[in-house]
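Undergrad: just coords:
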């Protein structure tokens, strides 16, 4: 064990921050950390927007329905970005690049690049005693977020990252048992997986009944069935295509 | 600065490892680190396969054309995985879940979940003095990789992660200037971005001419134009759909 691993294993999402803003030095370190992550074929296919404009923060808080999107030490928006890779291309070269820019392979490349950078930012922040929370709910109104930040073609908004000085210390939520996410040499057989999940469901039922706030009767499986049964963010499909990704 | 940030900023991809395998304890710590990352709406939408079978490693080395895929301390395969979320659903519930399972939103969710977990694994490994290299080139023959590991529906192979004891110490490759990836409140204007990229192209030209091995005349922009001009991994689009992702 070492400090880094302690930081990583001690992660919990922080959803309440003090009013103290991050210093410029803290922000700079976090961005440099993000920028040091691995990147596919040197593409560096992501961008980060620091959100300081209060009006924009308010609008994002409304879209996401989360107060900590407005009230935090700093807010980052992570984007998948293939635009820079095209900027020096003339029209002819750009036309030749389009098949790759628009295929699913390169949606994956840019999404993965952005997520690797974000997780570096998250760990760097946590190593400094700050708390973080990922904000996927910016995709509740992805077209609006795109407009707010004037994202050009080949750039899509993926998620936010709220960072700040923690104002609460939530419990760590149980995770699936390691054996249900990590296998050797083959994907796990259905029957074995079902039994792992049933075991986890019992753990979660007990957790929800015993935790200090917001007690309820629920299992992980039932939560997932409920979550997936209501169609969600269907416009992300069109948004991504409209921005020049995932068209073929 | 602290040890964690030092580890993150000191990252370079390692492509040559000693023969020493990771200990079970090291592997366990790395997987626990992966498993502690943030996850969208508690979905935990990823799986990790540890590859120990020598025949499978050889086949992956052939697909990726990278010797370090075979010769390393341990090899992980990261998958986007929505399967577990469906396993307790009866037929009727599963039908109701399908719209979400198959939309682009949930391809993003699962890809991001897998990448956040992977970057935790990468940093945990590096913090222990190990080296890592991401392996996107498993997607050179994604259908074959899928078969090798018997991945079921709603599980797709994304990338590998080779981990091991470093047998070389490569230079750190220059990155785009921070101002070209991090902006405040709005995406950067094209003219300013072009000028940042041109400046970076001069840096890269000098780097390629001066580095200790593999000197050449090249710029970042020209590299990108070349890379994107040859259609690549077009079958990833069909693969992803065939596995029940990104269908609408």
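TA: Ah, there it is. Here the structure is a predicted model, which means the values were calculated and not measured.
Undergrad: Listing partners with orientation, what would you give for the longest strand along chain A?
TA: With secondary structure taken from DSSP state E, chain A has its longest strand at strand A:155-164. Strand A:155-164 sits in its sheet next to strand A:74-81 (antiparallel), strand A:131-135 (antiparallel), going by DSSP bridges.
Undergrad: Do a quick rundown of the helices in chain A.
TA: A:3-9, A:24-35, A:54-64, A:91-101, A:104-127, A:142-148, A:190-210, A:220-229, A:235-242 (DSSP state H).
Undergrad: Show me the domain layout of chain A.
TA: Chain A breaks down into these domains under automatic domain parsing: A:3-171, A:178-227.
Undergrad: If you tally nearby residues, what's the number for residue A:161?
TA: 23 (other Cβ atoms under 10 Å in any protein chain shown). In short, each C-beta sits where N, CA and C put it, glycine included.
Undergrad: For residue A:146, see how far away the residue lying closest to it once chain neighbours are set aside is.
TA: Using Cβ to Cβ, 6 or more residues apart in numbering or on different chains and skipping residues adjacent in sequence, the residue nearest residue A:161 is residue A:76, 4.5 Å away. Noted for residue A:76: a distance of 16 Å to residue A:146, by Cβ to Cβ, to the nearest Å.
Undergrad: of those two, who's got more company?
TA: residue A:76 (26 against 20).
Undergrad: these two touch, right, the more buried one and residue A:164?
TA: No. Using Cβ atoms under 8 Å, residue A:76 makes no contact with residue A:164, being 11.4 Å away.
Undergrad: so what's residue A:227 up against?
TA: B:41, B:43, B:85, B:100 (Cβ atoms under 8 Å, 6 or more residues apart in numbering or on different chains).
Undergrad: Show the pLDDT at the second one.
TA: Here the pLDDT value assigned to residue B:43 is 98.
Undergrad: now residue A:217
TA: At residue A:217, pLDDT is 88.
Undergrad: For it, give its distance to residue A:208.
TA: For residue A:217 relative to residue A:208 (Cβ to Cβ), the value is 7 Å.
Undergrad: okay, those two: which has more neighbours?
TA: Neighbour totals were compared for residue A:217 and residue A:208, and residue A:208 leads with 18 against 8 (other Cβ under 10 Å).
Undergrad: and the more buried one, what is it in contact with?
TA: A:215, A:216, A:217, A:218.
Undergrad: Closest to chain B out of the residues you listed?
TA: Nearest to chain B, judged by Cβ to the nearest Cβ, of the contacts of residue A:208 is residue A:218 at 10.7 Å.
Undergrad: what's the distance between the nearest residue to the closest one once chain neighbours are set aside and residue B:215?
TA: Distances taken as Cβ to Cβ, 6+ apart put residue A:208 closest to residue A:218, at 5.1 Å, once the chain neighbours are dropped. For residue A:208, the distance to residue B:215 (Cβ to Cβ) stands at 61 Å.
Undergrad: what's the burial count for residue A:240?
TA: Using other Cβ under 10 Å: residue A:240 sits among 23 other residues.
Undergrad: ok, residue A:137 - contacts?
TA: Residue A:137 touches A:63, A:64, A:65, A:66, counting by Cβ under 8 Å, 6+ apart.
Undergrad: any idea which of those residues is closest to residue A:115?
TA: Set against residue A:115, the nearest of the contacts of residue A:137 by Cβ to Cβ is residue A:64 (18.3 Å).
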